[in-house]
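A.B. asks: how would this look folded up:
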Amino acid sequence: MGKCASLLLLGCCAWGASAAHAQSAPAPGYGPPAPRDMVTLGLGIGVTTDYDGGRAYRIIPGGALLGTIQRHDFRLNGLQVFVDAIPNAPRRKIDIEFGPIIGLALNRTGDVDDPRVAALGQLKTGVELGLHGAIGVRGLRARSDKLSFGVTSKWDVAGAHRSHVISPSIDYSFVMNRRSFVRMALTSEFVGKGWAVYNFGIDAAGAAASGLRIHTPDGGLASLGTSLQGVHALSANASGWALVGIVNYKRLQGDIAASPIVRDTGSANQFFGSVALAYRF
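C.D. replies: Below you'll find the model as predicted:
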């Protein structure tokens with residue numbers, strides 16, 4: 001969502017790129033352990049909404065950093081860094097991830113195009129700490145596929161929205177061939193009342209300044225979405241270049257979608273897309 005979501009691209013895509021680059025391993029984390037530590041870097045451009053719930057779109061650069069060191073994975077997803085505290089066990093059919101996550105929330109911390117939303121004022125930068133956990137099953141239909149169920153829970157610790165975001169997800173990934181990797185996901189967000197009011201609420205002063213009606217949303221289900229990611233390695237070697245791409249769609253729900261910030265000035269339909277070039281070494 002917004003600027004923060006616009007940078008999500010390359011963390012996710014390059015995560016897939018690390019699998020597609022594996023010279024003989026058919027899927028991420030599948031097969032024998034990597035003979036050495038690996039790091040992937042990527043650069044690209046994305047198209048995203050001006051702010052969370054907005055209708056106008058803008059082009060924003062993105063970047064990625066992820067890899068595996070001493071069998072522990074780490075990845076930068078947008079403005080969130082996750083470190084897996086559980087060492088990789090590539091030969092195990094059941095794959096488990098669990099570890100800390102830290103990130104920034106930058107919704108409406110800069111200029112926005114819509115004058116009514118701009119009149120509500122800029123928001124503070126949120127610093128969110130939390131945990132991510134996932135359990136996956138490998139080899140359901142082919143040796144190279146994996147079905148995963150995950151949950152990320154984050155809390156603001158910087159005095160911005162002073163609330164939480166819980167994001168359950170389901171994803172299915174598989175390697176099409178030695179160079180191409182695909183990942184599909186279903187996503188959701190459940191938010192606390194503090195998050196909802198901070199990002200989508202309008203008090204009396206805000207209504208007077210913007211001309212939008214007063215709105216005090218409750219927490220709960222904020223969005224449902226889906227994403228498709230693809231990676232194509234340009235080399236059959238373990239190290240080298242890859243083209244990556246991602247398309248995300250989500251629809252805002254409940255009191256979030258009913259906010260004048262969405263209903264009167266923006267859209268409940270939120271799209272994001274990007275292309276990038278990544279390198280693994």
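A.B. asks: surely residue 231 and residue 241 touch.
C.D. replies: No - at 11.0 Å, residue 231 and residue 241 do not qualify as touching, with contact defined as C-beta atoms under 8 Å. Yep, even glycine has a C-beta here, placed from its N, CA and C like the rest.
A.B. asks: the two: which has the busier surroundings?
C.D. replies: Per other C-beta atoms under 10 Å, whichever of residue 231 and residue 241 has more neighbours is residue 231, with 27 against 16.
A.B. asks: which neighbours do residue 231 and residue 241 have in common?
C.D. replies: residue 278 (C-beta atoms under 8 Å, 6 or more residues apart in numbering).
A.B. asks: which residues does the closest residue to residue 219 other than its chain neighbours contact?
C.D. replies: In this structure, residue 219 finds its nearest non-sequential neighbour in residue 193, 4.1 Å apart by C-beta to C-beta, 6 or more residues apart in numbering. Residue 193 is in contact with 163, 217-219, counting by C-beta under 8 Å, 6+ apart.
A.B. asks: among those residues, which one has the most neighbours?
C.D. replies: residue 217 (23 neighbours).
A.B. asks: quick one: the helices in the stretch 151-281 of the chain, in order.
C.D. replies: Applying DSSP state H, counting those that start in this stretch to the stretch 151-281 of the chain gives helices spanning 193-200, 204-210, 254-258, 260-263.
A.B. asks: where does the protein dip in pLDDT?
C.D. replies: In the predicted model, the chain carries pLDDT under 70 at residues 1-35.
A.B. asks: what are the ranges of the strands in it?
C.D. replies: Using DSSP state E, the strands found in the chain span residues 38-49, 57-69, 72-77, 80-83, 94-105, 126-138, 146-156, 164-175, 180-191, 220-233, 240-252, 269-280.
A.B. asks: for those strands, give me JSON lines that also has distance to residue 113.
C.D. replies: Output for those, formatted as JSON lines (distance: least, C-beta to C-beta, whole Å):
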{"stretch": "strand 38-49", "distance to residue 113": "10"}
{"stretch": "strand 57-69", "distance to residue 113": "8"}
{"stretch": "strand 72-77", "distance to residue 113": "26"}
{"stretch": "strand 80-83", "distance to residue 113": "26"}
{"stretch": "strand 94-105", "distance to residue 113": "20"}
{"stretch": "strand 126-138", "distance to residue 113": "22"}
{"stretch": "strand 146-156", "distance to residue 113": "26"}
{"stretch": "strand 164-175", "distance to residue 113": "25"}
{"stretch": "strand 180-191", "distance to residue 113": "24"}
{"stretch": "strand 220-233", "distance to residue 113": "22"}
{"stretch": "strand 240-252", "distance to residue 113": "19"}
{"stretch": "strand 269-280", "distance to residue 113": "16"}
